[in-house]
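A.B. asks: Give me coordinates for this.
(one chain, ligands or ions: 1)
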Amino acid sequence: MAHYLRIGNVPHKRHTQHRAPGGGLYYEELMGAEGFSSDSSLLYHRGLPSAISAARAWDLGDSLATTPNHPLLPRHLRLHELFAEDAWRGVDPVTGRRLVLGNADVRICYVVADTPSPFYRNAIGDECVFVESGRAVVETVFGAFEVAGGDYLVVPRATTHRWVPLGREPVRAYCIESNSHIAPPSRYLSRFGQLLEHAPYCERDLREPRGPLMAEDTGARPDEPTEVYIKHRGSGPNGIAGTIYTYPQHPLDVVGWDGCLYPYALNVSDFEPITGRVHQPPPVHQVFEGDRFVICNFVPRKVDYHPGSIPVPYYHSNVDSDEIMFYVAGDYEARKGSGIGAGSVSVHPGGHAHGPQPGAYENSIGAEFFDELAVMVDTFRPLELGEAGRAADDRRYAWSWVGGRDEQTLDGAG
Ligand SMILES: [Fe+2]
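C.D. replies: Next up is the predicted model:
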């Protein structure tokens, strides 16, 4: 994010003495991407940012193991069945995540949670967490966010933060964990990084962290030893491992920072849909991109208004991408008869022609508005099923365009 921000107390000149009211020095940290050749920020800490007093393994077990989608099938995964009834009580939005789908570039997890997470950072890549429903405060070293249904929160790699659910309803979160950075689509950016006029959102729509956020602002003591859970490269399933550091002081100790690397939020209702007389191509729905995957959203919108238009999508083969659609709210005209509804994920493997269910193609003619909200991740490498993806599989979807048939097994037999 090339948009420059300055929050809190920073010195006039970078890399110069910055002193607390008592006379002691603050400790400057340069947090930079791509070997300090890309965006960065300077953070000023009360304590030494490198000081750790203990380390132990964070046992992730087989939770990040995946199984190939083979024989290859389109699938319908019912995420709301993953945390049935009260199964979300005592679950937190970080350690409670369940892996739905993953490959070497991105993991899609789902969690329903009502309990504060430990402090955490993802040392593998950026995260884009879409809040399906519920409310939370996300406390980061850059400042705090209040998030609710419809919010994307983009958190840069290695940002120490924690999730604190608010209210009586649990937080439902669709977590896109990247192995790279996540950014607005490059075609929407000027050569200096400003969002251009044809982009479906602009800097004004992005919410910045509210800060500085200090330990005492959250009811904690500045000298409180604090654990930070770190997800990093390692020898576990899919090359991922976890470590828990103990810091001798609380991690929320940044009195000020400035730069272009920081977390930000965007509500999907601030994404302005691009519409036309005839059906617009799928990339108009794109909101972010990572390395070898994109994130798109389908928002409530007026639909195609050519007198001969067919408002639902044409059948399409995305030959280089698996398409993963998460249905959040509204009516899904094109999917009537498939069993898909709110909380569903459809998996359409690369090159598998797909589109409206039988009847929907003709029935959509004359429609003027689609009230739908969905988040799509398209990956350029095949996705494998995580344990939650296997558990949520309806085992019928592959046959839905022929009127259904008996249950399929996970390996396609039967
Ligand atoms: Fe599609």
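A.B. asks: In this structure, what residue spans correspond to helices?
C.D. replies: Assigned helices in the chain, in chain order: 360-363, 387-392 (criterion: DSSP state H).
A.B. asks: and the ones you listed, which one's lowest on average pLDDT?
C.D. replies: Note on the helices of the chain: lowest mean pLDDT is at helix 360-363, with a mean of 88.
A.B. asks: Can you mark which positions in that one are buried?
C.D. replies: By neighbour count with 16 or more other Cβ atoms under 10 Å, helix 360-363 contains the buried residues 360-361, 363. C-beta: built from backbone N, CA, C; applies to glycine.
A.B. asks: who's in contact with the lowest-mean-pLDDT helix or strand in the chain?
C.D. replies: None of the helices or strands of the chain scores lower by mean pLDDT, DSSP states H and E than helix 360-363, at a mean of 88. For helix 360-363, contacts defined as Cβ atoms under 8 Å, 6 or more residues apart in numbering pick out 310, 312, 333-337, 355.
A.B. asks: What is the neighbour count of residue 369?
C.D. replies: 10 (other Cβ atoms under 10 Å).
A.B. asks: go on, residue 208?
C.D. replies: 17.
A.B. asks: That one touches residue 258, doesn't it?
C.D. replies: No. At 11.8 Å, residue 208 does not count as touching residue 258 under the criterion of Cβ atoms under 8 Å.
A.B. asks: Give me the common contacts of the two.
C.D. replies: Common neighbours of residue 208 and residue 258, using Cβ under 8 Å, 6+ apart, are 5, 7.
A.B. asks: Hmm, which of the contacts of helix 360-363 is lowest in pLDDT?
C.D. replies: Taking the contacts of helix 360-363 together, the minimum pLDDT is found at residue 333 (67).
A.B. asks: any chance of the buried residues of helix 360-363 in a markdown table, plus distance to residue 342?
C.D. replies: Shown next, in a markdown table, are the buried residues of helix 360-363 (distance: Cβ to Cβ, whole Å):
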| residue | distance to residue 342 |
| --- | --- |
| 360 | 18 |
| 361 | 23 |
| 363 | 21 |
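A.B. asks: Show me which of those residues is closest to residue 392.
C.D. replies: residue 360 (23.7 Å; Cβ to Cβ).
A.B. asks: Please name the nearest non-neighbouring residue to the closest one.
C.D. replies: Nearest non-adjacent residue to residue 360, counting by Cβ to Cβ, 6 or more residues apart in numbering: residue 334, 5.0 Å away.
A.B. asks: Return the distance of the one you found relative to residue 136.
C.D. replies: 32 Å (Cβ to Cβ, to the nearest Å).
A.B. asks: which of the two has more neighbours?
C.D. replies: Using other Cβ under 10 Å, the more surrounded residue of residue 334 and residue 136 is residue 136, with 27 against 20.
A.B. asks: hey, what's that one bridged with?
C.D. replies: According to DSSP bridges, the partner residues bridging residue 136 are residue 147, residue 165.
A.B. asks: That one contacts residue 169, correct?
C.D. replies: No. At 10.5 Å, residue 136 and residue 169 do not qualify as touching, with contact defined as Cβ under 8 Å.
A.B. asks: Buried subset of the contacts of helix 360-363, written for PyMOL?
C.D. replies: Selection command for PyMOL covering only the buried members of the contacts of helix 360-363, criterion 16+ other Cβ under 10 Å:
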select buried, resi 310+312+333+334+335+336+355
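A.B. asks: Spell out the residue ranges of the strands in the stretch 51-200 of the chain.
C.D. replies: When secondary structure is read from DSSP state E, counting those that start in this stretch, the stretch 51-200 of the chain shows strands at 54-58, 75-78, 98-102, 106-113, 119-122, 127-133, 135-140, 143-148, 151-155, 161-166, 171-178.
A.B. asks: Now do the fourth one and strand 98-102, the angle between them.
C.D. replies: By that I understand strand 106-113. With axes from the mean of the first three to the mean of the last three Cα atoms, to 10 degrees defining the directions, strand 106-113 sits at 160 degrees from strand 98-102.
A.B. asks: Can you get me the centre-to-centre distance for strand 106-113 and its chain?
C.D. replies: For strand 106-113, the separation from the chain centroid amounts to 8 Å (computed by Cα atoms, centre = their mean, to the nearest Å).
A.B. asks: pLDDT averaged over it - what is it?
C.D. replies: Averaged across strand 106-113, the pLDDT comes to 98.
A.B. asks: Just checking: what are the partner strands of it?
C.D. replies: Here, using DSSP bridges, strand 106-113 pairs with strand 98-102 (antiparallel), strand 171-178 (antiparallel).
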